[in-house]
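Trainee: kindly generate the corresponding structure for this input.
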Amino acid sequence: MFEVRGYIDSVSYAVRVADNGEVTATGRARTLLDLVNGESVALSPTGPFVIADTGTPEGILAVLHTRTQVTSVTGDPPQIMPPSDPSVVY
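Mentor: Numbers count the residues shown, from 1 in each chain. The predicted structure is shown next:
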C-alpha cells in the first residue's frame with residue numbers, strides 16, 4: 001500500500017493504492033486518472049515513455065508524478081524509473 005499527496009492546480013489531493021489494487025482518490029485526482037488512462041507518459045524529459053494504465057500501481061504513480069505537483073509519497077510505492085546507467089553522463 002502507498003499514498004501520494006500533492007497539488008493539482010493549487011488544490012490538494014490524496015491518492016491511496018491498497019495492496020489489493022483498490023484506489024481511493026479525491027475528486028480532481030480521480031478525474032485526472034480517468035482522463036489520462038491509456039495515454040503515453042514520459043517519466044522524464046528524455047524518457048522512458050510508459051502507457052498510463054491507471055489500473056496498475058505503476059501507472060497511477062507515473063501519472064501523478066508527471067501531471068501533478070507531488071509533495072509526498074509514503075508506504076511502499078512501486079519503482080517506476082529504471083535504474084540509472086552508470087556509463088551515461090547525465
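
Trainee: stretch 23-39: which residues count as buried?
Mentor: Within stretch 23-39, the residues that count as buried by 16 or more other Cβ atoms under 10 Å are 25, 29, 32-33, 36. Every C-beta, even on glycine, is put in place using the N, C-alpha and C of the backbone.

Trainee: on contacts alone, who are the packing partners of the helix or strand containing S12?
Mentor: Assigned by DSSP states H and E, S12 falls within strand 11-17. Packing partners of strand 11-17 (3 or more Cβ pairs under 8 Å, 6 or more residues apart in numbering; DSSP states H and E): strand 2-8, strand 23-25, helix 27-36, helix 57-67.

Trainee: which one of the buried residues of stretch 23-39 is nearest A52?
Mentor: V36 (4.9 Å; Cβ to Cβ).

Trainee: now do the same for the closest one: its pLDDT.
Mentor: pLDDT for V36: 93.

Trainee: show the contacting residues for it.
Mentor: V36 makes contacts with 52, 54, 63, 67, as judged by Cβ atoms under 8 Å, 6 or more residues apart in numbering.

Trainee: redo that, cut-off 6 Å
Mentor: Taking Cβ atoms under 6 Å, 6 or more residues apart in numbering, we find V36 in contact with 52, 63.

Trainee: give the phi and psi angles for the closest residue in space to L61 that isn't next to it in sequence, as a check.
Mentor: Closest residue to L61 in three dimensions, ignoring its sequence neighbours and counting by Cβ to Cβ, 6 or more residues apart in numbering: I80, at 5.3 Å. In terms of degrees, to the nearest 10, the main-chain angles of I80 are phi -110, psi -20.

Trainee: count of neighbours near I80?
Mentor: 17 (other Cβ atoms under 10 Å).

Trainee: and the helices and strands packed on strand 11-17 as TSV, adding distance to T46?
Mentor: As requested, the helices and strands packed on strand 11-17 are exported to TSV (distance: least, Cβ to Cβ, whole Å):
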stretch	distance to T46
strand 2-8	23
strand 23-25	29
helix 27-36	20
helix 57-67	13
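
Trainee: and which of the buried residues of stretch 23-39 is nearest to D9?
Mentor: Nearest to D9 among those is L32, at 10.1 Å by Cβ to Cβ.
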